[in-house]
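[1] this is a predicted model, with the sequence first.
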Amino acid sequence: MASQYPPRSAMPRFDANGFLTEPELWDEQLAERIARSDGLAPLTPAHWKIIHCLREHYRQHGAMPLPLHHVCHLNDMDRHCMEQLFPSEREAWRIAGLPDPGEEARTYMM
């Protein structure tokens, strides 16, 4: 009888800074779990706009947009949408399931 659990290699892992080490394992359920564990659930449509925009930018460029709040403009949202929706830019990046952006980029995350 086959196990009902995914193989251990398919389980999402996080680094010492709390970032997903394998972004390809991310899905919306994982995002909800991260948000819930950090006291930010449920995620609203506005949250999802930002999350998907971050993921798409990372997919296209391999890095975070600088300044990170530029995603508000890209989504026709108030320029302070990041502060309004997430406790920090770091939190938005984590929930989006993206890997550690590096020490220098982390310093820019509020």
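    Alright, I've got the coordinates. Numbers count the residues shown, from 1 in each chain.
[2] got the confidence number for the residue sitting nearest the centre point of the chain?
    Nearest to the geometric centre of the chain sits A96, at 1.9 Å (Cα atoms, centre = their mean). pLDDT, A96: 96.
[3] what's near enough to touch it?
    W26, A31, I50, I51, H52, L54, R55, Y58 (Cβ atoms under 8 Å, 6 or more residues apart in numbering). Just so you know, the C-beta spots here come from the backbone N, C-alpha and C atoms, and that holds for glycine as well.
[4] then C72?
    Contact partners of C72, counting by Cβ under 8 Å, 6+ apart, are I50, D78, R79, H80, C81, M82.
[5] please report phi then psi for the last one.
    In terms of degrees, to the nearest 10, the main-chain angles of M82 are phi -60, psi -50.
[6] neighbours of G102, how many?
    Applying other Cβ atoms under 10 Å, we find 10 residues neighbouring G102.
[7] Y108 now?
    Y108, neighbours per other Cβ under 10 Å, totals 13.
[8] and for R13?
    When neighbours are defined as other Cβ under 10 Å, R13 has 10 of them.
[9] isn't it up against P23?
    No: contact status for R13 versus P23: not in contact, 11.2 Å apart, counting by Cβ atoms under 8 Å.
[10] buried stuff in the longest helix that the chain contains?
    The residue-count maximum for a helix in the chain (DSSP state H) belongs to helix 45-61. Neighbour-count burial for helix 45-61 flags H47, K49, I50, I51, C53, L54, R55, H57, Y58 (criterion: 16 or more other Cβ atoms under 10 Å).
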